[in-house]
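>>> The sequence isn't on hand, but the structure is:
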């Protein structure tokens, strides 16, 4: 056990409120523990953060308790039961223990069914609306920071990890961006001076929605490395990005991302999959527009557009050069290039469980083929 | 006082947010003048979605009072069932947020509309929309019903 961890455990014990148990995890910026809150008599997830000493979270940890309060358990924010300073450097946050994994763990098995992805995005937006109402911005919305629980028989997302939360001076004000998760930093977050407001949180929701529908972000690994980044890597004497030390690597990547995000919409790095309907693509594109003025301005505006979408609640995914879908009605579908007619696409279908796929329809493009499949639901 | 006027139909809400007084009303900008009702094959879930959407929207906009154009008889007979349910959801959300909710009958609105010019010194189009007509027409009803609420 490291000295710091031992020191933190002693500080937690000194509060007299928690019994630590379960596995401990250690992240880059925080320590986490499963624990029992003795006065409340309930299990909690403890996070010990090392926040900016000049930040709002360090000055007023209790603001998280107030902001996450909700009547009737209706909130899409993980409830913070208690928050306090721990020693001279840390902040202790005791959160509701939520069963179920994060969006990140769900994505390990591929994209989410489209309606589930949309419903999840709507939930995240409701959670953000609650935070914004308290004049707070989250600044770190990403799949790892959204937990998936169940409510009303459906997926119920809960935003967690409030380590990057910052307070706005007034409605419409901005703060500096947190660059903890560089892949999700909006263009204005890379500007000098960096800016971040409620629209920047919505940008991150747009990216997460893209990721839920596609299974991955529009850009990752080396896809965003431009000519300038490659020149930087060569100047550092490495053959590729992998040859750099972690710090240099993140610096090169951050600069490349900043150039990329400022130049064009991040969705331009990868075409939307043909099974993503235009109505949904429009919402995503608007949410991640490089100019904040052309984005959604409030969570309810984006919720309003998402709520009116009619989408199939199917598993649709790209698989090599083909697209596969599983409909709840008991049909499996595959969309592939027609081996007999180049440039044509063929849709095959099979009753669930049956091994043989039979030719069902033809189409001129993958998008048209996907549309035929969705209409057949 | 910020008053949200809602003119529901069986497929959407037309809405308008007004501030000020009946004599000096001011139309506040909203992201959109209408909101389609949530689409969900399960009607219960659609109503739940509407409730949450309204709750978030009203809190965000700082609405203090809601006036709803009440569902009346239609050419097909009684009022649309969807509209009646939407009205119920608005009343429910209003109660949850501690907001006053008034249902305004179409006849009452038309009677008040005749007094608009005398009270606000101009037609609704001139006073609230720079002389342009309200499009779509149902949005005009949402504006007027919000104006009605300024005097409540």
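Alright, I've got the coordinates. Remember, predicted model here, so these are calculated numbers, not experimental data.
>>> and residue B:106, how many neighbours?
15 (other C-beta atoms under 10 Å in any protein chain shown). For glycine as for every other residue, the C-beta is placed from the backbone atoms N, C-alpha and C.
>>> Over to residue B:40?
17.
>>> swap in the one 4 residues further on?
Counted with other C-beta under 10 Å, the neighbours of residue B:44 add up to 9.
>>> how close does it get to chain A?
8 Å (C-beta to the nearest C-beta, to the nearest Å).
>>> Give me the distance between that residue and residue A:153.
The gap separating residue B:44 from residue A:153 is 10 Å, by C-beta to C-beta, to the nearest Å.
>>> Then residue B:130?
Taken as C-beta to C-beta, the span from residue B:130 to residue A:153 is 48 Å.
>>> Residue B:71 now?
From residue B:71 to residue A:153 the distance is 30 Å (C-beta to C-beta).
>>> more crowded one of the two?
residue B:71 (22 against 8).
>>> Could you verify my assumption that that one touches residue B:84?
Yes. Counting by C-beta atoms under 8 Å, residue B:71 does reach residue B:84; the two are 5.3 Å apart.
>>> what number of residues lie near the closest residue to residue A:311 other than its chain neighbours?
Of all residues not flanking residue A:311 in the chain, residue A:114 sits nearest, at 4.5 Å (C-beta to C-beta, 6 or more residues apart in numbering or on different chains). Around residue A:114 sit 22 other residues, with neighbours defined as other C-beta under 10 Å.
>>> Could you verify that residue A:110 is part of a helix?
No. Using DSSP: H, G, I helix; E, B strand; the rest coil, the secondary structure at residue A:110 is coil, not a helix.
>>> Hmm, it is touching residue A:216, no?
No. Applying C-beta under 8 Å, one finds residue A:110 not in contact with residue A:216, separated by 9.6 Å.
>>> Residues contacting the longest helix belonging to chain B, please?
Ranked by number of residues, the top helix in chain B under DSSP state H is helix B:43-61. Here helix B:43-61 makes contact (C-beta atoms under 8 Å, 6 or more residues apart in numbering or on different chains) with A:74, A:122, A:125-126, A:129, A:132-133, A:152, A:154, A:298-300, A:303-304, A:307, B:2, B:4, B:17, B:30, B:35, B:37-40, B:66, B:85-86, B:89-90, B:92-94, B:96-97, B:99.
>>> can you map out the strands along chain B?
B:3-8, B:12-20, B:25-28, B:34-36, B:65-69, B:100-104 (DSSP state E).
>>> what does stretch A:168-187 rub up against?
Stretch A:168-187 is contacted from outside by A:29, A:135-137, A:139-142, A:163-164, A:166-167, A:188-190, A:193-198, A:200, A:203-204, A:207-208, A:217, A:219-220, A:250, A:253-254, A:257-258, A:261-262, A:290, A:292, using C-beta under 8 Å, 6+ apart.
>>> In which helix or strand does residue A:340 reside?
Under DSSP states H and E, no helix or strand contains residue A:340.
>>> which one of the strands of chain B is the most hemmed in?
Among the strands of chain B, the stretch with the highest mean neighbour count (mean count of other C-beta atoms under 10 Å in any protein chain shown) is strand B:3-8, at a mean of 27.
>>> Of the contacts of stretch A:168-187, which belong to helices?
Short answer: the contacts of stretch A:168-187 in helices (DSSP H) are A:188-190, A:198, A:200, A:203-204, A:207-208, A:250, A:253-254, A:257-258, A:261-262.
>>> and which of those is nearest chain B?
residue A:198 (9.6 Å; C-beta to the nearest C-beta).
>>> ok, the closest one - contacts?
A:128, A:132, A:137, A:168, A:297, A:298, A:299.
>>> burial measure for the one residue in the stretch 151-300 of chain A that gets nearest to chain B, as a count.
Of the residues in the stretch 151-300 of chain A, the one nearest chain B is residue A:300, at a distance of 4.1 Å by C-beta to the nearest C-beta. Applying other C-beta under 10 Å, we find 25 residues neighbouring residue A:300.
>>> Repeat that for residue A:239.
Residue A:239: 9 surrounding residues under other C-beta under 10 Å.
>>> Name the SS class of it, please.
From three-state DSSP, the assignment for residue A:239 is coil.
>>> Contact partners for it?
Per C-beta under 8 Å, 6+ apart, neighbours of residue A:239: residue A:233.
>>> list the helices and strands the worst-scoring helix or strand of chain A on mean pLDDT packs on?
Lowest by mean pLDDT, DSSP states H and E among the helices and strands of chain A is strand A:315-319, with a mean of 71. Secondary-structure packing of strand A:315-319 (3 or more C-beta pairs under 8 Å, 6 or more residues apart in numbering or on different chains; DSSP states H and E): strand A:322-326.
>>> would you say residue A:350 is within a strand?
Yes. Assigned with three-state DSSP, residue A:350 falls within a strand.
>>> Please name the nearest non-neighbouring residue to it.
residue A:357 (4.4 Å).
>>> if I pick the one you found, what's in contact with it?
Contacts for residue A:357 (C-beta under 8 Å, 6+ apart) come out as A:332, A:334, A:348, A:349, A:350.
>>> The same query, at a cut-off of 6 Å, please.
The contact partners of residue A:357, taken as C-beta atoms under 6 Å, 6 or more residues apart in numbering or on different chains, are A:334, A:348, A:350.
>>> Show me the shaky parts of chain B.
B:74-75, B:152 (pLDDT under 70).
>>> do that again at 80, thanks
Within chain B, the stretches with pLDDT under 80 are B:41, B:72-79, B:151-152.
>>> for chain A, what are the nearby residues on it?
Residues of chain B found near chain A (C-beta under 6 Å from any C-beta of the partner chain) are B:31, B:35, B:36, B:38, B:39, B:49, B:52, B:53, B:56, B:57, B:59, B:60.
>>> Show me which pair in these is furthest apart.
B:39 and B:59 (23.1 Å; C-beta to C-beta).
>>> angle of the least confident helix or strand of chain A against strand A:322-326?
160 degrees (axes from the mean of the first three to the mean of the last three C-alpha atoms, to 10 degrees).
>>> Just the residues contacting stretch B:29-39, thanks.
A:301, A:304, A:307-308, A:310, B:12-14, B:17, B:46, B:49-50, B:139.
>>> Next, the buried residues of it.
By 16 or more other C-beta atoms under 10 Å in any protein chain shown, the buried positions in stretch B:29-39 come out as B:30, B:31, B:33, B:34, B:35, B:37, B:38.
>>> One more: stretch A:31-41?
A:31, A:32, A:33, A:35, A:36, A:37.
>>> Can you flag which of these belong to strands?
Counting by DSSP E, the buried residues of stretch A:31-41 contribute A:31, A:32, A:33, A:35, A:36, A:37 to strands.
>>> Let's have these in TSV, adding distance to residue A:146 and pLDDT.
Converted to TSV, those look like this (distance: C-beta to C-beta, whole Å; pLDDT from 0 to 100):
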residue	distance to residue A:146	pLDDT
A:31	21	85
A:32	16	88
A:33	21	89
A:35	22	92
A:36	25	92
A:37	23	92
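>>> Quickly name whichever of the residues you listed is closest to chain B.
So of those, ranked by how close each gets to chain B (C-beta to the nearest C-beta), first place is residue A:37, at 28.5 Å.
>>> Pull up the gap between that closest one and residue B:10, please.
According to C-beta to C-beta, residue A:37 and residue B:10 sit 49 Å apart.
>>> next one: residue B:112
25 Å.
>>> The two: which is more packed in?
residue B:112 (17 against 14).
>>> residues contacting that one?
Taking C-beta under 6 Å, 6+ apart, we find residue B:112 in contact with residue B:148.
>>> where's it relative to residue A:305, distance?
33 Å.
>>> again with residue A:357
Distance from residue A:357 to residue A:305, by C-beta to C-beta: 36 Å.
>>> Please apply the same query to residue A:14.
Residue A:14 sits at a distance of 49 Å from residue A:305 (criterion: C-beta to C-beta).
>>> How about the residues of the stretch 1-150 of chain A by chain B?
Residues of the stretch 1-150 of chain A lying near chain B (C-beta under 6 Å from any C-beta): A:126, A:129, A:133.
>>> among the residues you listed, which are in helices?
Of those, the ones assigned to helices by DSSP H are A:126, A:129, A:133.
>>> What does the pLDDT read for the last one?
The predicted structure scores residue A:133 at 94 on the pLDDT scale.
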